[in-house]
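Undergrad: based on what follows, work out the 3D shape:
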Amino acid sequence: MELLLCLFGFISGITTALFGFGGGFITVPLLYTLIILVWGPRSNAGEVAMQIAVATSTCVMIFSSLLSCRAHYLKGNLNGSMIRPFIIPISLGGIMGAFIALSVDSEWIRWIFIGYLVITIFDCFIRPGFMKISSNSIGAVKKRFYADTPIGVLIGAVAAFLGVGGSVMTVPLMRRRGASMIQAAAFANPLTLPMAITGTLTYLYFAMTKNLELGTGFMGMIYIKGALILIVSSWLGIRFSALLMPYLSDKRHAQSYPLLLLIVLVAMLLT
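TA: Okay, here's the model as predicted:
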């Protein structure tokens, strides 16, 4: 299972850098399966398996998004003026989403996760503006961001609730406002960071105040060993992705996004 964590951590590093997502969509199903197999569905950990998977995923996102931000910054793909207006709303949404997840049954979160994937995949294929870049200019986007505070709160809440980061909402949003896939992916990573920090702290706070006894190997609701393996392997994946970026056209880049989500959906349905 450690080898699977290394492999999927490596893959999530690649998808985090290239598509702005990976930590949640790849690691949440894997961690959920791991917890059920190792501890059993009727154990203390098994009864909150989805919450543990989500909490561990948000913790890993802190490091993977930081590393990916650095990689995109060095390549000149980040625009600070486009990012700053969303930081506080997404942070607040992250706290809300984490608290909501803690009050919902683990199996319900799993099915909401699956439904969210289905909606996103259909949205990419059916609604115009994703597969082919929108005619809107990026300059026009900047003027609208201060009116997007409710969108930022919603992104943060959904991301922390499902442990998937905000990319599945921010990447399509930016594509339909004229961004290339590389720009949209670069934009998604720094906006994942505030949600990941506030979400992780919320999960830790809840576990301490409720005195949850999940056994050794856990810090609050975070599976420590799994988190460490995923952090190291995702860093290697991010480094490897830098070699792939020059060879991926915007068209192929956009087409690959919903197809990767479809693979994750199948894996989650088979779990």
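Undergrad: what about the stretch 101-250 of the chain, any weak spots by pLDDT?
TA: Scanning the stretch 101-250 of the chain for pLDDT under 70 picks out 106, 129, 132-148, 163-167.
Undergrad: ranges for the helices of it?
TA: 106-126, 138-144, 149-162, 167-175, 181-210, 224-244, 250-270 (DSSP state H, counting those that start in this stretch).
Undergrad: could I get those helices in a markdown table, plus columns for distance to residue 96 and mean neighbour count?
TA: Every residue, glycine included, has its C-beta placed from N, CA and C. Below are those laid out as a markdown table (distance: least, CB to CB, whole Å; neighbours: other CB atoms under 10 Å):
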| stretch | distance to residue 96 | mean neighbour count |
| --- | --- | --- |
| helix 106-126 | 15 | 16 |
| helix 138-144 | 23 | 12 |
| helix 149-162 | 5 | 23 |
| helix 167-175 | 15 | 25 |
| helix 181-210 | 9 | 23 |
| helix 224-244 | 23 | 19 |
| helix 250-270 | 24 | 16 |
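Undergrad: and the ones you listed: which comes nearest residue 76?
TA: helix 181-210 (9.2 Å; CB to CB).
Undergrad: before we move on, what SS does residue 78 have?
TA: Classification of residue 78 by DSSP: H, G, I helix; E, B strand; the rest coil places it in coil.
Undergrad: how about the contacts made by residue 236?
TA: Counting by CB atoms under 8 Å, 6 or more residues apart in numbering, residue 236 makes contact with 10, 13.
Undergrad: do the same with the one 3 residues further on
TA: Under the criterion of CB under 8 Å, 6+ apart, the contact list for residue 239 reads 13, 71.
Undergrad: and if we set it to 10 Å?
TA: 10, 13, 14, 17, 67, 71 (CB atoms under 10 Å, 6 or more residues apart in numbering).
Undergrad: and residue 121, by the same measure?
TA: Counted by CB under 10 Å, 6+ apart, residue 121 has contacts 168, 257, 258, 259, 260, 261, 262, 264, 265.
Undergrad: what's the spacing between it and residue 12?
TA: 18 Å (CB to CB, to the nearest Å).
Undergrad: same question, residue 51
TA: Counting by CB to CB - residue 51 and residue 12 are separated by 19 Å.
Undergrad: same deal with residue 188?
TA: Note on residue 188: its distance to residue 12, by CB to CB, is 14 Å.
Undergrad: likewise residue 70?
TA: For residue 70, the distance to residue 12 - CB to CB - is 17 Å.
Undergrad: quick check: bridge partners of residue 219?
TA: residue 222 (DSSP bridges).
Undergrad: which among the helices of the stretch 101-250 of the chain is found nearest to residue 29?
TA: helix 250-270 (4.8 Å).
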